[in-house]
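Asks: Quick check, what structure comes out for this input:
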Amino acid sequence: MEYLVTMTTRVPEGTPDETVQNVRAREAARARELAAQGHLLRLWRPPLQPREWRTLGLFAADNEDQLEHVLASMPLRVWGTDQVTSLSAHPNDPASAREQSNAAETLSDEKATEFLTTFTVTIPDGADDDVVDDLSIREAQRAHQLAQQGKLVRLWALPAQTGTSRALGLWRAQALSELRAIVKSLPLDPWMTTQTTPLTEHPNDPATAVR
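Replies: Numbers count the residues shown, from 1 in each chain. Next up is the predicted model:
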(Lines give C-alpha, C1' and ligand atoms only; values in the text may rest on other atoms or scores of the structure.)
Protein backbone atom coordinates (compact mmCIF):
# COMPACT_ATOMS: atom_id res chain seq x y z
CA MET A 1 0.00 0.00 0.00
CA GLU A 2 0.98 3.61 -0.51
CA TYR A 3 0.54 6.43 1.97
CA LEU A 4 0.83 10.21 1.87
CA VAL A 5 2.39 11.44 5.09
CA THR A 6 2.52 15.04 6.28
CA MET A 7 5.51 15.34 8.61
CA THR A 8 5.60 18.42 10.84
CA THR A 9 8.77 19.17 12.80
CA ARG A 10 9.05 21.54 15.76
CA VAL A 11 12.57 21.91 17.09
CA PRO A 12 12.52 22.81 20.80
CA GLU A 13 13.69 26.33 21.57
CA GLY A 14 17.26 26.44 22.74
CA THR A 15 18.35 23.35 20.79
CA PRO A 16 21.97 23.89 19.70
CA ASP A 17 22.48 24.30 15.95
CA GLU A 18 25.04 21.51 16.04
CA THR A 19 22.40 19.11 17.39
CA VAL A 20 19.91 20.17 14.72
CA GLN A 21 22.44 19.67 11.93
CA ASN A 22 23.40 16.26 13.30
CA VAL A 23 19.78 15.09 13.38
CA ARG A 24 19.19 16.41 9.85
CA ALA A 25 22.27 14.58 8.57
CA ARG A 26 21.04 11.34 10.13
CA GLU A 27 17.58 11.99 8.66
CA ALA A 28 19.10 12.29 5.17
CA ALA A 29 21.04 9.05 5.65
CA ARG A 30 17.93 7.24 6.88
CA ALA A 31 15.92 8.58 3.92
CA ARG A 32 18.45 7.04 1.55
CA GLU A 33 18.18 3.72 3.36
CA LEU A 34 14.37 3.73 3.24
CA ALA A 35 14.43 4.65 -0.46
CA ALA A 36 16.78 1.72 -1.16
CA GLN A 37 14.37 -0.57 0.74
CA GLY A 38 11.42 0.65 -1.35
CA HIS A 39 9.60 2.30 1.57
CA LEU A 40 10.29 5.94 0.72
CA LEU A 41 9.13 6.83 -2.79
CA ARG A 42 9.08 10.65 -2.86
CA LEU A 43 9.57 13.70 -0.62
CA TRP A 44 8.38 17.26 -1.23
CA ARG A 45 8.09 20.58 0.54
CA PRO A 46 4.62 22.23 0.48
CA PRO A 47 4.20 26.01 0.81
CA LEU A 48 5.48 27.02 4.26
CA GLN A 49 4.82 29.84 6.69
CA PRO A 50 7.74 31.57 8.42
CA ARG A 51 9.46 29.23 10.90
CA GLU A 52 7.27 26.34 9.71
CA TRP A 53 8.96 23.03 8.93
CA ARG A 54 6.79 20.52 7.05
CA THR A 55 7.45 17.74 4.56
CA LEU A 56 5.12 15.67 2.39
CA GLY A 57 6.23 12.08 1.84
CA LEU A 58 5.01 9.25 -0.34
CA PHE A 59 5.68 5.96 1.41
CA ALA A 60 5.05 2.29 0.65
CA ALA A 61 4.36 -0.30 3.34
CA ASP A 62 2.47 -3.58 3.72
CA ASN A 63 0.16 -2.07 6.34
CA GLU A 64 -0.13 0.80 8.81
CA ASP A 65 1.86 -1.04 11.48
CA GLN A 66 4.82 -1.39 9.14
CA LEU A 67 4.44 2.24 8.07
CA GLU A 68 4.55 3.35 11.72
CA HIS A 69 7.73 1.31 12.19
CA VAL A 70 9.25 3.06 9.16
CA LEU A 71 8.23 6.55 10.32
CA ALA A 72 9.43 5.94 13.86
CA SER A 73 12.87 5.06 12.50
CA MET A 74 13.36 8.56 11.06
CA PRO A 75 15.57 10.71 13.33
CA LEU A 76 13.44 13.87 13.04
CA ARG A 77 10.47 11.97 14.47
CA VAL A 78 11.78 12.87 17.93
CA TRP A 79 10.68 16.46 17.25
CA GLY A 80 7.74 15.81 14.96
CA THR A 81 4.26 14.52 14.33
CA ASP A 82 2.92 12.64 11.31
CA GLN A 83 -0.47 12.79 9.61
CA VAL A 84 -1.10 9.71 7.48
CA THR A 85 -3.51 9.42 4.54
CA SER A 86 -4.09 5.96 3.10
CA LEU A 87 -3.99 5.81 -0.69
CA SER A 88 -5.81 3.19 -2.74
CA ALA A 89 -5.40 2.09 -6.34
CA HIS A 90 -7.18 4.30 -8.87
CA PRO A 91 -8.30 2.81 -12.20
CA ASN A 92 -6.85 5.81 -14.08
CA ASP A 93 -3.46 5.74 -12.37
CA PRO A 94 -0.87 5.94 -15.17
CA ALA A 95 1.89 4.12 -13.31
CA SER A 96 2.37 1.02 -11.21
CA ALA A 97 4.83 1.23 -8.31
CA ARG A 98 7.57 -0.17 -10.56
CA GLU A 99 6.76 2.24 -13.38
CA GLN A 100 6.76 5.12 -10.90
CA SER A 101 10.31 4.22 -9.89
CA ASN A 102 11.33 4.32 -13.54
CA ALA A 103 9.46 7.61 -14.03
CA ALA A 104 11.52 9.19 -11.27
CA GLU A 105 14.59 8.57 -13.40
CA THR A 106 13.12 10.59 -16.29
CA LEU A 107 12.08 13.78 -14.48
CA SER A 108 14.41 15.84 -16.65
CA ASP A 109 12.40 19.02 -17.28
CA GLU A 110 13.89 21.29 -14.63
CA LYS A 111 11.38 24.08 -15.40
CA ALA A 112 8.35 21.95 -14.57
CA THR A 113 6.78 22.16 -11.12
CA GLU A 114 5.06 19.28 -9.38
CA PHE A 115 1.62 19.71 -7.84
CA LEU A 116 -0.67 17.60 -5.71
CA THR A 117 -4.40 17.94 -6.34
CA THR A 118 -7.25 16.63 -4.25
CA PHE A 119 -10.36 16.06 -6.36
CA THR A 120 -13.82 15.63 -4.84
CA VAL A 121 -16.46 14.54 -7.35
CA THR A 122 -20.12 14.91 -6.36
CA ILE A 123 -22.62 13.41 -8.80
CA PRO A 124 -25.78 15.55 -8.93
CA ASP A 125 -28.99 13.99 -7.67
CA GLY A 126 -30.96 12.49 -10.53
CA ALA A 127 -27.99 12.35 -12.91
CA ASP A 128 -28.62 9.88 -15.73
CA ASP A 129 -26.56 6.70 -15.39
CA ASP A 130 -25.64 6.77 -19.07
CA VAL A 131 -24.32 10.32 -18.71
CA VAL A 132 -22.26 9.33 -15.66
CA ASP A 133 -20.83 6.32 -17.48
CA ASP A 134 -19.97 8.42 -20.55
CA LEU A 135 -18.19 11.06 -18.46
CA SER A 136 -16.28 8.38 -16.55
CA ILE A 137 -15.08 6.81 -19.81
CA ARG A 138 -14.00 10.16 -21.22
CA GLU A 139 -12.30 11.00 -17.91
CA ALA A 140 -10.22 7.82 -18.17
CA GLN A 141 -9.31 8.62 -21.78
CA ARG A 142 -8.27 12.17 -20.87
CA ALA A 143 -6.18 10.89 -17.96
CA HIS A 144 -4.39 8.54 -20.36
CA GLN A 145 -3.66 11.44 -22.73
CA LEU A 146 -2.29 13.61 -19.94
CA ALA A 147 -0.12 10.76 -18.68
CA GLN A 148 1.33 10.30 -22.18
CA GLN A 149 2.12 14.03 -22.25
CA GLY A 150 3.98 13.73 -18.95
CA LYS A 151 1.47 15.94 -17.12
CA LEU A 152 -0.25 13.32 -14.97
CA VAL A 153 2.32 11.34 -12.99
CA ARG A 154 0.19 9.41 -10.49
CA LEU A 155 -3.44 9.11 -9.40
CA TRP A 156 -4.77 7.49 -6.22
CA ALA A 157 -8.22 6.99 -4.72
CA LEU A 158 -8.88 8.64 -1.35
CA PRO A 159 -11.40 7.67 1.34
CA ALA A 160 -14.75 9.26 0.48
CA GLN A 161 -18.25 9.72 1.83
CA THR A 162 -21.41 8.32 0.29
CA GLY A 163 -22.35 10.18 -2.86
CA THR A 164 -18.85 11.45 -3.56
CA SER A 165 -15.54 10.10 -4.81
CA ARG A 166 -12.15 11.57 -4.00
CA ALA A 167 -8.78 11.26 -5.69
CA LEU A 168 -5.25 12.52 -5.18
CA GLY A 169 -3.25 13.43 -8.28
CA LEU A 170 0.44 14.14 -8.78
CA TRP A 171 1.05 16.45 -11.76
CA ARG A 172 3.87 18.23 -13.56
CA ALA A 173 3.23 21.60 -15.23
CA GLN A 174 5.13 24.73 -16.16
CA ALA A 175 2.98 26.90 -13.89
CA LEU A 176 -0.17 26.89 -11.78
CA SER A 177 -2.05 28.49 -14.67
CA GLU A 178 -1.21 25.52 -16.89
CA LEU A 179 -2.37 23.08 -14.24
CA ARG A 180 -5.65 24.95 -13.85
CA ALA A 181 -6.21 24.70 -17.61
CA ILE A 182 -5.48 20.97 -17.44
CA VAL A 183 -8.00 20.48 -14.64
CA LYS A 184 -10.62 22.41 -16.60
CA SER A 185 -10.09 20.01 -19.50
CA LEU A 186 -11.17 17.02 -17.41
CA PRO A 187 -14.65 15.81 -18.37
CA LEU A 188 -15.69 15.52 -14.71
CA ASP A 189 -14.60 19.08 -13.87
CA PRO A 190 -18.18 20.48 -13.76
CA TRP A 191 -18.92 18.08 -10.90
CA MET A 192 -15.57 18.45 -9.20
CA THR A 193 -13.97 20.66 -6.56
CA THR A 194 -10.19 20.83 -6.54
CA GLN A 195 -7.59 21.69 -3.92
CA THR A 196 -4.09 22.26 -5.28
CA THR A 197 -0.75 22.20 -3.44
CA PRO A 198 2.36 23.44 -5.27
CA LEU A 199 5.42 21.38 -4.38
CA THR A 200 9.07 22.32 -4.20
CA GLU A 201 12.11 20.09 -4.22
CA HIS A 202 13.18 18.34 -1.02
CA PRO A 203 16.90 17.65 -0.57
CA ASN A 204 16.20 14.06 0.52
CA ASP A 205 13.78 13.23 -2.32
CA PRO A 206 14.77 9.89 -3.91
CA ALA A 207 13.94 11.32 -7.35
CA THR A 208 16.41 14.15 -6.76
CA ALA A 209 19.07 11.63 -5.83
CA VAL A 210 18.44 9.76 -9.10
CA ARG A 211 18.79 12.95 -11.14
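
Asks: could you pull out the strands for the chain?
Replies: Secondary structure of the chain by DSSP state E: the strands cover 2-9, 40-45, 54-60, 80-89, 113-122, 152-158, 164-173, 192-201.

Asks: how does the chain divide up, domain by domain?
Replies: Listed by automatic domain parsing, the domain ranges of the chain are 2-87, 89-201.

Asks: Can you report how many residues lie near residue 151?
Replies: 21 (other Cβ atoms under 10 Å). C-betas here are computed from N, CA, C, even on glycine.

Asks: quick one, what contacts it?
Replies: Contact partners of residue 151, counting by Cβ atoms under 8 Å, 6 or more residues apart in numbering, are 171, 172, 173, 182.

Asks: Of all pairs in those, which one is the farthest apart?
Replies: Farthest apart among those by Cβ to Cβ are 172 and 182. That separation is 10.1 Å.

Asks: Which one, of the domains of the chain, ends up nearest to residue 208?
Replies: Judging those by Cβ to Cβ, what sits closest to residue 208 is domain 89-201, at 6.0 Å.

Asks: Any chance of TSV for the domains of the chain, columns mean pLDDT and distance to residue 207?
Replies: Shown next, in TSV, are the domains of the chain (pLDDT from 0 to 100; distance: least, Cβ to Cβ, whole Å):
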stretch	mean pLDDT	distance to residue 207
domain 2-87	94	6
domain 89-201	88	4
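
Asks: bridging residues for the residue lying closest to residue 168 once chain neighbours are set aside?
Replies: Of all residues not flanking residue 168 in the chain, residue 156 sits nearest, at 4.7 Å (Cβ to Cβ, 6 or more residues apart in numbering). Beta-bridge pairing of residue 156 under DSSP bridges involves residue 89, residue 168.

Asks: does residue 156 really touch residue 93, like I thought?
Replies: Yes: in this structure residue 156 lies within contact range of residue 93 using Cβ atoms under 8 Å: 6.7 Å.

Asks: Looking at these two, which one has more neighbours?
Replies: For residue 156 versus residue 93, the count of surrounding residues by other Cβ under 10 Å is larger for residue 93: 23 against 20.

Asks: Apart from its neighbours in sequence, what residue is nearest that one?
Replies: Once flanking residues are discounted, residue 93 sits nearest to residue 155: 4.4 Å by Cβ to Cβ, 6+ apart.

Asks: where's the one you found relative to residue 48, distance?
Replies: For residue 155, the distance to residue 48 (Cβ to Cβ, to the nearest Å) stands at 26 Å.

Asks: who has more neighbours, the two?
Replies: For residue 155 versus residue 48, the count of surrounding residues by other Cβ under 10 Å is larger for residue 155: 23 against 11.

Asks: Could you pull up the residues touching the more buried one?
Replies: Residues near residue 155 by Cβ under 8 Å, 6+ apart: 90, 92, 93, 94, 143, 167, 168, 169, 170.

Asks: swap the cut-off to 6 Å and go again
Replies: 90, 92, 93, 167, 169 (Cβ atoms under 6 Å, 6 or more residues apart in numbering).

Asks: ok, those vs residue 150, which is closest?
Replies: Nearest to residue 150 among the contacts of residue 155, with distances taken as Cβ to Cβ, is residue 169, at 13.6 Å.
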